[in-house]
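Undergrad: starting from these lines, generate the structure:
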Amino acid sequence: MKLKTGTAALIMVILMVFSIGFGAYRGWKKERALVNETYTGLETMLHTRVESAYNLLTVASRHLSADHESIRRVTEDRDILEGRRGLQEKARANERLTLDAAELLKELAALESVQNDSRDRMYVTDYLPQMLAESESLTAKANYNTAAREFNASFNASISGWIARLMGIGPAEEFSAQ
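TA: Below you'll find the model as predicted:
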């Protein structure tokens, strides 16, 4: 049985559209997976920030009450960074942690009980500020945002990206407080 030319052309067009769509989907899914692999590095840096907050809170708990405002804010920042939140919310908590930790360190440094305890004085004046600054710097330098920006630029500028978007693949979320 012979197919009419029109039917054959229609089948060929359908197969081509399917092939283009399938190719776009698979290609962008693979590219997105590469971006997601760099998230592991960012996650490691955030874990270091969480550890820094725990250390600060441990020292602070020896000198201030648990309901102290600065302790509450650092605890809240730490909990957001440690929890299952979106990247934007974690980025905001990360920025707040820098400010809230600095404020708590300043308060602790002014306490006589900290000044009289050589171990805690060393933590408050040397170790914790350095640990917090280094973890902040490493988090800012994480490769994730670069990979996400490059993916999004290519994804948004191509027809295959538009097709992949129709098939359920979205842009990569950036680690940004904005």
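
Undergrad: pull out the buried residues from the one helix or strand in the chain whose mean pLDDT sits lowest.
TA: In the chain, no helix or strand scores lower on mean pLDDT, DSSP states H and E than helix 128-140, which sits at a mean of 87. If you call a residue buried by 16 or more other Cβ atoms under 10 Å, then helix 128-140 has these buried ones: Leu128, Pro129, Met131, Leu132, Ser135, Glu136, Leu138, Thr139. Glycine gets a C-beta too; all of them are placed from N, C-alpha and C.

Undergrad: quick one: the second one from Asn36, how far?
TA: Which is Pro129. 33 Å (Cβ to Cβ, to the nearest Å).

Undergrad: same check on the first one?
TA: Shown here: Leu128 relative to Asn36, a distance of 32 Å by Cβ to Cβ.

Undergrad: ok, the fourth one next?
TA: Using Cβ to Cβ, we find Leu132 at a distance of 27 Å from Asn36.

Undergrad: the lengthiest helix in the chain vs helix 128-140, what angle?
TA: Selection of the longest helix in the chain by residue count, based on DSSP state H, yields helix 5-61. Regarding helix 5-61 and helix 128-140, their directions subtend 180 degrees when assessed with axes from the mean of the first three to the mean of the last three Cα atoms, to 10 degrees.

Undergrad: after helix 5-61, next one along is what?
TA: Sequence-wise, the next helix or strand downstream of helix 5-61 (DSSP states H and E) is helix 69-82.

Undergrad: correct me, but Glu103 touches Ser70?
TA: Yes. Under the criterion of Cβ atoms under 8 Å, Glu103 lies in contact with Ser70, with a separation of 5.5 Å.
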